[in-house]
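[1] here is the input, now give the coordinates:
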Amino acid sequence: MMSRDVLPLIDEAAGRVYSVAKETPLVPMPGWGKPGAVQAGHAWAKLEQLQVSGSFKLRGAANKLMSLSRDAAAAGVITSSTGNHGLGVATAAKLLGIDAEVFLSAQVSEAKREKIRERGARIRIVGADPLAAEVAARAAAGESGRTYVSPYNDPYVVAGQGTIAVELMRQAPDLEAIFIATGGGGLISGIGSYLRHAAPHAQIIGCWPENSPVLYECIKAGRIHDAPESATLSESTAGGVEDNSITFGLCREVMHHGVLVTEDEILQAMRWGHAQGWAVEGASGVALAAYFKEAAAYRNKKCVVLICGGNPSPAVAALLDSKVGG
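    Numbering: from 1, shown residues only. Here you go, the predicted model:
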């Protein structure tokens with residue numbers, strides 16, 4: 001799949017997802033604590049944590065569910081998630097009256113599990129990592145005749161995330177760069193596919209934690225493969241990439257370059273976001289940290305940092321709170 005193939009799907013998504021999702025604001029970013037690093041009028045934040053589910057994932061989930069036939073919707077859906085996609089599917093399914101089951105790995109916190117349950121979805125814990133939960137969920141969907149809703153490897157999910165770029169073309173048509181935290185690649189694929197055509201001058205920058213750069217390493221290698229991972233504050237971008245994922249080719253096409261950030265850089269960026277009064281999770285901190293790291297090179301460009309979600313696990317939230325003002 002090429003970015004041009006995604007464009008009509010994004011246009012369709014922009015015509016229907018707003019019965020579930022909402023347009024989020026683009027706000028100027030205050031100065032970061034390094035002289036000249038963030039200049040007024042040049043750095044902006046897109047606040048996707050303000051979606052009712054707490055992250056951008058609601059867009060892709062809603063678009064996928066709204067694309068189902070009447071029979072498929074009646075049969076229900078299955079998904080797998082590190083938390084935010086499950087929340088998105090559960091939220092959209094409840095609003096649309098569709099039965100949903102969410103497979104989670106043991107890594108997902110009890111707090112995120114409970115949020116998904118509160119939205120009416122059933123939970124099944126499978127495997128020690130997100131990829132194991134994804135494989136099990138796909139198998140269960142095939143056996144039961146229900147639709148599997150991928151967190152990233154689905155053109156309708158990618159297109160739903162691409163509606164962010166449609167909004168950006170209204171809010172900041174002169175944007176010159178965007179920093180996007182990247183896990184399975186659905187978000188950057190959707191936004192990048194639209195911007196490559198609507199704003200070809202804009203740079204699409206993928207952002208990863210050094211501790212979990214799986215798709216980054218796959219792109220470097222030119223093939224999907226397993227890559228070493230360790231614990232990261234960016235819980236929602238952790239995990240491997242499914243074989244033959246459409247996002248691999250899309251990311252290679254639309255992304256200009258990638259940035260890796262350390263756990264300390266992520267935490268410091270989260271502290272900064274928290275100080276602005278924003279709900280921020282680790283993935284949002286990744287995009288912020290990558291921008292702060294690269295800010296000097298983009299000093300005279302209009303940049304957007306995507307604050308993709310605000311659902312940290314209790315452990316991460318406690319660490320963040322303990323550091324604020326410290």
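[2] mind checking how far stretch 178-194 is from the chain centre?
    Averaging C-alpha positions (CA atoms, centre = their mean, to the nearest Å) puts stretch 178-194 7 Å from its chain's average.
[3] next, count neighbours for Ser193.
    If you count neighbours by other CB atoms under 10 Å, Ser193 ends up with 29. To be clear about C-beta, it is placed using only N, CA and C from the backbone, and glycine gets the same treatment.
[4] for it, give its distance to Thr247.
    If you measure Ser193 against Thr247 using CB to CB, to the nearest Å, the figure is 10 Å.
[5] before we move on, what about Ala159?
    Taking CB to CB, one finds Ala159 at 12 Å from Thr247.
[6] burial measure for Gln268, as a count.
    Neighbour count of Gln268, defined by other CB under 10 Å: 19.
[7] in the one helix or strand it maps to, which residues are buried?
    Counting by DSSP states H and E, the secondary-structure element that holds Gln268 is helix 263-275. Under the neighbour-count criterion of 16 or more other CB atoms under 10 Å, helix 263-275 has Glu263, Glu265, Ile266, Leu267, Gln268, Ala269, Met270, Arg271, Trp272, Gly273, His274 buried.
[8] and the next helix or strand past it?
    Along the chain past helix 263-275, the next helix or strand (assigned with DSSP H and E) turns out to be helix 282-294.
[9] now do the helices in this protein.
    3-14, 57-66, 70-75, 84-96, 110-118, 130-144, 155-171, 186-198, 214-221, 246-254, 263-275, 282-294, 314-323 (DSSP state H).
[10] out of the ones you listed, the one nearest Ile307 is which?
    Go through these one by one with CB to CB and the one that ends up closest to Ile307 is helix 282-294, at 4.6 Å.
[11] how does this structure divide into domains?
    Each structural domain of the chain that the record assigns through automatic domain parsing is listed here as a residue range: 3-55+155-323, 57-149.
[12] what are the buried residues along stretch 93-110?
    Residues 93-96, 98-105, 107-109 are the ones in stretch 93-110 that count as buried (16+ other CB under 10 Å).
[13] for stretch 13-32, same thing?
    Residues Ala13, Ala14, Val17, Val20, Ala21, Thr24, Leu26, Met29, Trp32 are the ones in stretch 13-32 that count as buried (16+ other CB under 10 Å).
[14] chain center to stretch 217-235, what's the gap?
    When distances are taken as CA atoms, centre = their mean, stretch 217-235 is centred 16 Å away from the chain's centroid.
[15] contacts for it?
    Applying CB atoms under 8 Å, 6 or more residues apart in numbering, the contact partners of stretch 217-235 are 82-83, 107, 109, 181, 183, 209, 211-214, 238-245, 248, 251-252, 255, 258, 263, 266-267, 270, 281-283, 285-286, 312-313, 316, 319.
[16] what do Ser193 and Thr247 both touch?
    With contacts taken as CB under 8 Å, 6+ apart, Ser193 and Thr247 have Val158 as neighbours in common.
[17] can I get the CA coordinates of stretch 197-207 in PDB?
    The C-alpha atoms that make up stretch 197-207 are tabulated as PDB, following Å, rounded to 0.1, in the frame of the first residue of the first chain:
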ATOM      1  CA  HIS A 197       0.400  15.200  -0.600                       C
ATOM      2  CA  ALA A 198      -1.200  18.200   1.100                       C
ATOM      3  CA  ALA A 199       2.000  19.700   2.500                       C
ATOM      4  CA  PRO A 200       4.900  18.100   0.600                       C
ATOM      5  CA  HIS A 201       7.400  20.600   2.100                       C
ATOM      6  CA  ALA A 202       6.600  19.500   5.700                       C
ATOM      7  CA  GLN A 203       9.000  17.100   7.400                       C
ATOM      8  CA  ILE A 204       7.500  14.000   9.000                       C
ATOM      9  CA  ILE A 205       9.700  13.000  12.000                       C
ATOM     10  CA  GLY A 206       9.200   9.600  13.700                       C
ATOM     11  CA  CYS A 207      10.100   9.500  17.400                       C
END
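[18] which parts of that stretch are buried?
    Ala199, Ala202, Gln203, Ile204, Ile205, Gly206, Cys207.
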